[in-house]
Each structure stands twice: as C-alpha cells, then as structure tokens.
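**Student:** Have a look at this fold, sequence not included:
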C-alpha cells in the first residue's frame, strides 16, 4: 500500500525529465471571435487548462509523447486534435475552431465517474440539461428544469427517477443531490430543497439514473443529480432576468377562492469576472408569488457567491456558498373537490406559515500533482433552520451537516484510470420532535476504468460505508458496481451497468416523536438501510449529425424500503412509525430522441418511459408511481423567433397512501412558448397548462392551473 | 414556408389527438339542513357532518367530513360534495372541548339522515341522472350524547388471550343489534378496557332510558375499526331495563370465553 502511495505521489514530478508545452487558442468557427472559459484537456493525462480572455491557453509540463487534445464548452461541439506530438523542451501550437450547436449530443459530464468524460463514453444512463434549455424553457425553479428529463417525475417537490421514489412529504429522498459534486441534502430529513440554488446560476444539470452508491454512498438509490454551477467568466459579465406571470381564473367558478389577481414574479441578477487568477461570481435574486391556491403564497430570497483561484499548473481552489430564505404558506389539502383551491378547514386554523433558512458552503481544491496524478480535497457544510408560524424558539428545527472528502485520480498505465478516496459526513438535527441526534459516515471508495480496447471500457468500483449514530446504532454497507461501454461502430454506443445501492434512514425517520392530528408518530431507532440491486442496458445511436436515439432497459430490486406504517391504538389514535416494509421490483423501458433539422429551424425532443413498479409483498403497484411517462417538445425557429410546445403525460397513479378512494386522472399538460432573440436579450411569452387541465399528483392537491408568463433575460 | 405549414398542421393534429379534456371536474353533492334540538352541552367544541359510504367505516379517512358547523343556531344549511355512489350514513357528530376528532368520534352521533318517521339511517345515491340530492335534513339532538346513567359490573375472561389482541370494546344498546346499522343506536361505548388481564371492573356511561343488551367485542391488533368480533353479551330480560339519569345498574357481570371467539 505504501509503495502504491509513493508511486502515486512520485509518478510525476520526481520521474519528470525534460517536458514540453502546449499552447494555442480557441475561437468560434462562425465568427472567429476568441472563446474564453473553454476547458482544454490532454486526454490520457490529468493535465489541462482554461482559455483566457483572448481565447489562449497554456499547458505546461507535458511529458513527450503523442496525445489527443480536447476542447469543450457548453453550447459548442467538443473539439479534438488527434496525434498531437509533444517533444521535450519544445512548444507545440494548436488552434481550435469550435462550432456552436443547439443540440448537445455528446457533452462532457463529470458525475458518473467523478471525473470528466464524454457522455457517450460512460456506462451509465445519463441526461444533461444545459443552461440554454433552462432559459428557453423559462424555468423559474430547478425542479421545472428537470421535468423534461426522460424517466423523471415529480410529485409536488419530490423527485422520482424511474419509479424509485414515491411520496413521503420530503423525508428520505432516494435521489442524491450534488452541487458541483458536493452532497447537498438537508441533514436531518435527508430531503432535497430545490430552492437553495437559483436556476440561473446553473451551467448544466447532470442526471445519472440508477444506483450511484458505489461512488456517492447513501441516498443514491434511484439516481444522482449534479448541479454544475456556472464558473466565473474571464471578462465582466452581467446576467439579468426579470420574469412575471398571472394565473388565469380557475376552470370552474366554484373553485375561485379570492377575487384578487393571483400572480408571481422573479428577479435574478448576477455579475461575474476574473482578476488574473481570481475569478468571482456573485448572485442575488428574489422570487415571490401569491400562489394559485389558498396558503400557496411564498417569498424567497437567494444569494450565492463563487470564487475560483487558478494556479499556473491547472490546479484550482474554489469557494462556493449559497443562501436561501423563504417565507411561505403551506397548502396541505383542499377543502373538497368542489373547492379545490381552498385550504381544508382542518389545516387552516391557524393559517399554516413556514420559514426556512439554508446556508450551503464548500471549499474544494483540485491539484495536479503530475500529468498522471491529481488530488481533490473538499470540505463542506449545509445548515438549515426550519420554523413554523408560531415563532416560538422550540418550534424551530436546526439541522447541521458537515462533510469532507479526499479524492485521488491516478493513471498508472495508459489503459487504467483509478479514482479513489474517502468521504466523511456528519449529519444531525436538534428539535423537540426528534431530540438531539447525530450520525457520521466514513466511506472509502475505489474505482478503476479499464480501456480494454480503443472502443471498449470496463469500469468497476466499490465503496464501503460505515454509518454510526453517536447514540450507538451502527450499520455498514458495501456498494459494488460494474459497467461496460462499447462502441462497435462510429456513432453507436452500447452501455451496460449493474450494482448495489443503499439509503440509510434519516435522523428524522428514526427519531421522530410527535403528534399530528390523530396520528402519534413514534420513533424506530433500529431502521435498517434500504438496499437495491440495479441493472441498466442501453444503446445510443447518432442517426445524423444533429439527431440521436437512445433506448434503455432497466431493472431494480429493492429490499427493506422504508415506509410509514399506521396502526390503530386502543385510544383510537393511529400509531405511525417508519418501518422497513417493502420488497419491490421496478422494471422498465425508456426511449428518448432529440434532434434538429432544416438548418436548425425544426427541433424535436421526445421521450417515453414505461415502468412496472411492483410491491412484491402485495402484488400491487408501488404508491405514487405512474407507469407511463411521456414528453414531447417540438419547436420551430424562424429568424429571431422560436415557437416551442411542451406536452407531458403521466399515466394515472394507481396507488396512493392517504385517500385511495379519491378520483384521480392522468397528467396531460401542454405549455406553449414564444421566444424572441435580440442580440444579448431573450424575450419569452409563455402559456403554462394552456389547456387548463386539472389534475392531482398528490391527493387533494390540485396542480398548477393555467398561467401566462413573460420574461426578459439579458447577458451583457 | 411549406415545412412551416406542415408543422402547424402536425401540431394541430397532435392537439386534437390529445383528446382535449379538462381532467378533474366538479363532484355531485348532497345538501340539506341540520336542525338542532335539545340543550347544547357547555363543553361542546365542534359539530360536523360526516358521510360514510359504508357503516361502520374502516378508517377515519374513509369518512367525508365537512368543516365545523356554526354553533348556537337552530338550523344550519350544509353541502357535501361526493363522488357518484351510494352513501349509507349521513350523520352529525359531536366533539367535546379538549378532544380530537378520531374514529372514536362516531360514537357521539347527534343524529343522522333517516328514513321518514323511523329512527333508521337512510342511504343516498348520486348518479349522473341525479347528481344533486337535496333536502337531506338531519335532526341533531344533543340529548343523544348525554350519558348521565351508568352500568357497572365485572368482566371475567376465560381461556387464553389471543396474542394479536388489539383492544376490547364494550357497548350498550336499546335493542339487540341485528345489522351493522344498529351499532349507530348504541347508548354507550367504552374503548378503554384493559387487555391481557384475568378480569376487570367496569363502569359504562350510557344514555338514560331502556338498555336491552351489553356486548363485549374483541379487535385484532392493527385491525380496522370495522374488524371486530363479538366475544360475549349480556341481555336484559323482556324489553330491557330502564335506567334513569344519575342512576347506576350494578352487578351486571359478563363472562367472556376466548375459546368461543372462533379465530
């Protein structure tokens, strides 16, 4: 082991002999303008650089040899220079002329392997939502940006990837949220807060479907979502967005609950620039709404800051922090179906009000030790304070999480890339409802990507998680994974992966002890982790330069899924406890395609996901899972105008948890948008839920009614 | 231009093919008035209307509930939206201050929609042809929940207690229950009896008047409220025994034999 460590540390500098330098510039093919901020990477090594204001880049200390150089930036096709010869003591010059693209067929992703790779080289099923799509779809929240991802479905703010999650009012997400690779879950409930990060500050969203515990540990049972924040720009850049909308009258007059005009608005402003090696990005935004239903109002403030320090050898230090504060009402369920937008009397006295403060912070250093070895160090924290309307001190729930990680990347042989590290996490909360509980995780992991042939890669890895509550309970879990990526022909990629994942119960699930209505929530300290084995098989075919087709088969088996269990007590109240109850199996098929034709004027994105989420204990469909999801986005672009439509369909949810006898219908929603581009400005007029379709996903919660929105985005 | 035209046609066809509808609609409903009688107890907190598709309901969430009715008025109008179907019981139920609504609340019935001139629940059916049922009036009598009389005695258990025993229910009736609906007529119910004991002394608060029988029920642990079995019964001879307000019928002893439970 010691020998390996010495080899890892010394595989570069000590063994270094005379080295070469690669320099050059990256320009836009159409305009010839230099492109700052492009990532230039020397494949087969861990060396790279980012282009400066004038589009130039410099990579030092390159061992003599023949390489492939890759240049990538969102919005442009990835550029390559093959057979680049670098000689000792010499400078090699390279020029890239990148072509702008509307369809990102093969972007560079980082989530599936914890390092940069092409999407088509990954053995996992991955979807990417670029920032441009977030803007043109007029997304005001992050969850809206994810709605178009094949296999993703939301119930309220609960994300469900390929049927892995149902609805548990926010507790215990089976999807792990990362921000720039850093876990960002609320630490007492293990839930995702989609409002923490402003959607405009996200450069792209990567969605890795299926088990992800081999690299990320708990929560990555159904998938991993990585929000990649926008890096600081080289030259000063101001980004401004103003959006506003009004809700239409409800379809039935009986549903009107107020005579007020119901509306919403959002303002985002950010500024970014670099001063030599220091880049910074600052953001502030506000989002508010009257809501379309009683007690649906909210006011949210967001701020974030990112500071990057780039070292001469390509190493980078990043400090990032995001803050969000919200005041909102809380709609629990409707009065009845004939007063579907009015809060039930039983939850309106007193009116429900919530305040939530969250601060997320991370510091990350990525250091290049040698062309073949790099090290990443990370420390992070996420703190939240949740409070109810009474403003009494004991009704505030503080939750604190701390994380640290050391990761190494090592290329001991041209055919092997080894990623290894150890992650530490401390989570907990302190309230009158759960007491004061903390738990820590320590988890070493190891992964090897082995290029057996030029077109065949095998990835295998394992992670060991040791979770221990400071109160005493402890559990361990091994998460192995194997994946294969094979490109038999140009434009064809076959992928297959399989592995195990788990989710440790959150502190809230274990220790909640409170009374709500006629329920007595009681603790269950010995909850075992949920475990899954998942397999994924897929093919991705590039049909033309701007058109792809992807077909995937997936199969997951779950053991000990944690669900709330209700039992009638002698006092006629229900005892509600989280228990390891469900043995489940989810099988499915996913089809997606996207492309542009007729000189980019016509566009289409479509997906279809069929699932069979079965509770093997009862033979019934798992609760809150639709069996069929479909998404269709045709668009037509004429000059500066573009007309887009989004049609999303989710089949009727067969099983629900609370009111199984309520009427339920499928989801059929049509959104229409007209986009006008004028230089650095984007103007959008949109009609959401244009057909005024009324449906529920969660019982007695009518989804958003028709609304009209306008927005202006300026990038100056 | 041609492609643009075709696109418009395709989008129009797609919209048509989507079978445009508006999803959830309004439900049919029942409406009527609640006529209050008797003197409202000073500890009254709320009175609501509950509608049960079947009686007894399996869960509290099976009941369709209205918000609390305004108190202190002789007559109050109400309206309850309901899916198409038949509803066996439409009742006004009462809750005291400091209590929470639960399935136990159905033992505090002030009145229900009845067959004319009979004290029996009447069902209501909503169909597409008759989506609104009007004049579903309920006489809510506060005297029905006054339980100022008592029956006391000892329950002796024989045989082994089933391991999955959840709770014991003791109820008094003015007539021997013949159908599930007769449970609505209970003059008193006690859901707080001890379990896994060889015997216990009880004192059941009942509505004054005729008491015909006293029945002990056993319920499985985790079972729904409708999932109970009759374990033992005590029948008063003849038409029953009259008990006046403030009086207690003493020494009404019951022997409950678990061997006869028939599990």
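**Tutor:** Received the coordinates, thanks. Since the model is a prediction, treat every value here as computed from it, not as a measurement.

**Student:** what bits of the chain have low per-residue confidence?
**Tutor:** I'll assume chain A. A:1-17, A:102-103, A:388-396, A:517-518, A:568-573 (pLDDT under 70).

**Student:** was after chain B, sorry
**Tutor:** Using pLDDT under 70, chain B drops low at B:1-8, B:10-19, B:55-60, B:103-104, B:117-120, B:180-181, B:222-227, B:263.

**Student:** how about whichever residue of the stretch 301-450 of chain A sits closest to chain B, what does it touch?
**Tutor:** Closest to chain B within the stretch 301-450 of chain A is residue A:345: 3.4 Å, counting by C-beta to the nearest C-beta. Using the backbone N, CA and C atoms, a C-beta is placed for each residue, glycine as well. Contacts for residue A:345 were tallied using C-beta atoms under 8 Å, 6 or more residues apart in numbering or on different chains; they are A:335, B:67-68.

**Student:** Repeat the analysis, applying 10 Å as the threshold.
**Tutor:** By C-beta atoms under 10 Å, 6 or more residues apart in numbering or on different chains, the contact set of residue A:345 is A:335-336, A:339, B:48, B:65-68.

**Student:** Okay, residue A:467 and residue A:505: tell me how far apart.
**Tutor:** 9 Å (C-beta to C-beta, to the nearest Å).

**Student:** who touches both of these two?
**Tutor:** With C-beta under 10 Å, 6+ apart as the test, residue A:467 and residue A:505 both reach A:218, A:439, A:473, A:475, A:529.

**Student:** Near the last one, how many residues? Count them for me, please.
**Tutor:** By the criterion of other C-beta atoms under 10 Å in any protein chain shown, residue A:529 has 21 neighbours.

**Student:** doesn't residue A:560 make contact with it?
**Tutor:** Yes. In this structure residue A:529 lies within contact range of residue A:560 using C-beta atoms under 10 Å: 7.2 Å.

**Student:** which residues are in contact with both of those two?
**Tutor:** A:502-503, A:505, A:580.

**Student:** got a winner among these for most neighbours?
**Tutor:** Going by other C-beta under 10 Å, residue A:503 tops the shared contacts of residue A:529 and residue A:560 with 29 neighbours.

**Student:** and residue 157, what does it touch?
**Tutor:** Using chain A here. Counted by C-beta under 10 Å, 6+ apart, residue A:157 has contacts A:141-143, A:167, A:169-170, A:191-195.

**Student:** Actually, chain B is the one I wanted.
**Tutor:** B:168, B:194-200, B:216, B:231-232, B:254-258.

**Student:** repeat that with 8 Å
**Tutor:** B:197-199, B:256-258.

**Student:** Give the bridge partners for it, please.
**Tutor:** residue B:256 (DSSP bridges).

**Student:** next one: residue A:587
**Tutor:** Counting by DSSP bridges, the residues bridging with residue A:587 are residue A:555, residue A:612.

**Student:** Residue A:143: what secondary structure?
**Tutor:** helix (DSSP: H, G, I helix; E, B strand; the rest coil).

**Student:** ok, now which ones touch it?
**Tutor:** Contacts of residue A:143 by C-beta under 8 Å, 6+ apart are A:154, A:157, A:159, A:194.

**Student:** Now the residue nearest the centre of chain B. Nearest residue, chain neighbours left out?
**Tutor:** In chain B, the residue lying closest to the centroid (C-alpha atoms, centre = their mean) is residue B:106, at 3.7 Å. Leaving aside its sequence neighbours, residue B:106 sits nearest to residue B:93 (C-beta to C-beta, 6 or more residues apart in numbering or on different chains; 6.1 Å).

**Student:** Provide a list of residues in contact with that neighbour.
**Tutor:** By C-beta under 8 Å, 6+ apart, the neighbours of residue B:93 are B:47-50, B:105-106, B:108-110.
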